[in-house]
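Colleague: Provide a 3D model corresponding to the input given below.
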Amino acid sequence: MSAAFGATQLPEEQERALRRAVRLAWGTLGFLATAIVLMYVVMGSSQAMRTAWAEDLLSLIPPVAFLVAVRVTRRRPSPGHPYGYHRSVGVGHLVAGTALLTMGLLLVWESASSLLAQEHPPVGVMVVLGHPVWSGWLMIAALAYTAVPPVLLGRAKLPLARALHDRVLHADADMNRADWMTAVAGIVGVLGIGVGLWWADSAAALVISSSILKDGVTNVRTAVRALMDARATTVDGSDIHPLVGRVEEHLAAVPWVRKGGVRLRDEGHVFHVECFVVPRDGTTPSLQALADLGGSVSALDWKLRDVVVVPVPELPGELLPQVAGDERPDPSRAGDGRAGHDAG
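Modeller: Numbers count the residues shown, from 1 in each chain. Got it, this is the predicted structure:
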């Protein structure tokens with residue numbers, strides 16, 4: 001049975017990407033479970049270790065949010081939810097970002113307070129197999145264990161996030177790729193304690209917590225922008241989505257269309273599409289012509305769904321080319337985001 005997001009059947013490439021993304025999410029949860037237990041056992045009173053442990057706990061949120069969102073988006077549209085459940089991706093993204101932002105603020109405060117209070121964390125000795133071992137070496141070993149796998153997982157998830165247009169998966173991949181910095185900062189902090197630099201531990205904790213806070217701010221901003229129906233962007237939120245330009249070029253190529261503009265509403269994995277067309281003088285498009293144009297737009301890409309085509313005497317003002325002082329992204333960027341191509 002083929003995979004689907006609600007009423008949207010996935011092409012074969014996206015089916016494979018979804019199956020692999022789900023496997024990677026479960027693999028991430030398995031790895032994090034071992035890392036969290038290991039970090040808890042060895043962290044002692046080190047502020048950097050406690051902060052790194054907290055980040056590992058927070059890292060559980062994006063893969064869980066992704067798995068839940070994927071399950072919810074499989075539901076078909078209903079009278080209560082006629083647009084489907086695609087927005088669950090945006091909700092999951094916002095939940096994950098808010099958790100990161102909140103915990104990042106708390107950890108920055110705690111780390112900065114410890115640094116200002118000039119706390120001197122003790123790192124003692126543990127007995128391992130009958131031999132005394134400085135706890136710092138065990139901490140460093142645990143941090144080293146958490147450094148490499150997340151980077152590999154993040155690199156594997158990024159192309160899948162782009163293929164599925166899944167912001168939760170993209171946020172998870174970004175966090176994974178940056179986890180090596182947490183491990184390095186923690187190792188530096190522990191080594192600093194070992195050579196008598198009491199401030200190194202709190203400073204490392206501050207670096208780690210600042211990274212968490214940055215992830216939170218970035219993800220909350222991107223999630224809120226998408227939920228507020230901002231213009232459709234790429235999965236990382238950095239640029240206008242290329243499909244904007246593709247749809248407008250398609251409208252401009254229709255013989256009976258003088259001007260065409262489009263609004264894409266990012267619903268999660270898919271876009272809902274509103275096409276506005278100005279017919280050429282003396283042309284009155286039939287219902288069949290409008291239906292055919294909507295079908296041809298939908299056929300451009302699997303993400304283009306619920307396409308409506310509206311004939312209008314003039315394009316709505318927000319779809320006209322950018323003017324001075326407009327805060328919208330530069331239309332000369334990816335996908336040529338100009339709305340209002342003139343076919344004549």
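Colleague: Neighbours of Gly44, how many?
Modeller: 18 (other Cβ atoms under 10 Å). The way it works is simple: take the backbone N, C-alpha and C, and place the C-beta from them, glycine included.
Colleague: Check for me that it belongs to a strand.
Modeller: No: read with DSSP: H, G, I helix; E, B strand; the rest coil, Gly44 is coil and lies in no strand.
Colleague: Nearest residue to it in space, ignoring adjacent ones along the chain?
Modeller: Ser135 (5.5 Å; Cβ to Cβ, 6 or more residues apart in numbering).
Colleague: and the one you found, how many neighbours does it have?
Modeller: The burial count for Ser135: 22, using other Cβ under 10 Å.
Colleague: In this structure it contacts Met43, no?
Modeller: No: if you go by Cβ atoms under 8 Å, Ser135 and Met43 don't touch, sitting 9.3 Å apart.
Colleague: Now Asp174: which helix or strand?
Modeller: Here Asp174 sits within helix 167-194, counting by DSSP states H and E.
Colleague: and the spatially closest residue to Trp256 that is not a sequence neighbour, how far is that from Pro311?
Modeller: Spatially, and ignoring its direct neighbours in sequence, Trp256 is nearest to Thr283 (4.7 Å; Cβ to Cβ, 6+ apart). Going from Thr283 to Pro311 by Cβ to Cβ, to the nearest Å gives 9 Å.
Colleague: Look at those two and report which has more neighbours.
Modeller: It is Pro311, of Thr283 and Pro311, that has more neighbours when counted by other Cβ under 10 Å, with 17 against 13.
Colleague: what pairs with that one across the strands?
Modeller: Val277 (DSSP bridges).
Colleague: OK, contacts around it?
Modeller: 277-279, 285, 290 (Cβ atoms under 8 Å, 6 or more residues apart in numbering).
Colleague: now swap in Leu304 and tell me
Modeller: So Leu304 contacts 243, 247, 264, 270-271, 273, 297-298 (Cβ under 8 Å, 6+ apart).
Colleague: With pLDDT, secondary structure and distance to Ile61 as extra columns, can I get these in a markdown table?
Modeller: A markdown table is the format used below for these (pLDDT from 0 to 100; DSSP: H, G, I helix; E, B strand; the rest coil; distance: Cβ to Cβ, whole Å):
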| residue | pLDDT | secondary structure | distance to Ile61 |
| --- | --- | --- | --- |
| Leu243 | 93 | helix | 29 |
| Val247 | 94 | helix | 34 |
| Leu264 | 90 | strand | 28 |
| Val270 | 90 | coil | 24 |
| Phe271 | 92 | strand | 26 |
| Val273 | 93 | strand | 31 |
| Val297 | 95 | helix | 36 |
| Ser298 | 93 | helix | 34 |
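Colleague: Please type out the ChimeraX selection for whichever of these turn out to be buried.
Modeller: The ChimeraX command for the buried members of the contacts of Leu304 (criterion: 16 or more other Cβ atoms under 10 Å) is given here:
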select :243,247,264,270,271,273,297
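Colleague: Present the contacts of Leu304 as CSV; the columns should include distance to Gly97.
Modeller: Output for the contacts of Leu304, formatted as CSV (distance: Cβ to Cβ, whole Å):
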residue, distance to Gly97
Leu243, 24
Val247, 29
Leu264, 22
Val270, 21
Phe271, 21
Val273, 26
Val297, 32
Ser298, 31
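Colleague: Just give me the closest of the contacts of Leu304 to Asp236.
Modeller: Leu243 (15.2 Å; Cβ to Cβ).
Colleague: Just list the residues touching the closest one, thanks.
Modeller: Shown in contact with Leu243 (Cβ under 8 Å, 6+ apart): 232, 264, 271, 300-301, 303-304, 335.
Colleague: one step back: secondary structure class for the residue nearest to Trp256?
Modeller: What three-state DSSP gives for Thr283 is coil.
Colleague: Phi, psi for it please.
Modeller: phi -110, psi 130 (degrees, to the nearest 10).
Colleague: And it, how far from Ala204?
Modeller: From Thr283 to Ala204 the distance is 68 Å (Cβ to Cβ).
Colleague: swap in Leu300?
Modeller: Taking Cβ to Cβ, one finds Leu300 at 49 Å from Ala204.
Colleague: quick one, which of these two is more surrounded?
Modeller: Ala204 (28 against 15).
Colleague: Surely the more buried one touches Val188?
Modeller: Yes: Ala204 is in contact with Val188 according to Cβ under 8 Å; the separation is 5.6 Å.
Colleague: residue ranges with poor pLDDT in this structure?
Modeller: Along the chain, the model assigns pLDDT under 70 to residues 1-3, 119-134, 198, 320-344.
Colleague: one step back: separation between the residue nearest to Trp256 and Trp53?
Modeller: Relative to Trp53, and taking Cβ to Cβ, Thr283 is found at 67 Å.
Colleague: And Pro79, by the same measure?
Modeller: For Pro79, the distance to Trp53 equals 46 Å [Cβ to Cβ].
Colleague: by contact count, what packs against the helix holding Asp174?
Modeller: helix 12-42, helix 47-58, helix 61-73, helix 88-116, helix 135-145, helix 148-164, helix 199-227 (3 or more Cβ pairs under 8 Å, 6 or more residues apart in numbering; DSSP states H and E).
Colleague: let's see 6 Å
Modeller: Applying 3 or more Cβ pairs under 6 Å, 6 or more residues apart in numbering; DSSP states H and E, one finds that helix 167-194 contacts helix 47-58, helix 61-73, helix 88-116, helix 135-145, helix 148-164, helix 199-227.
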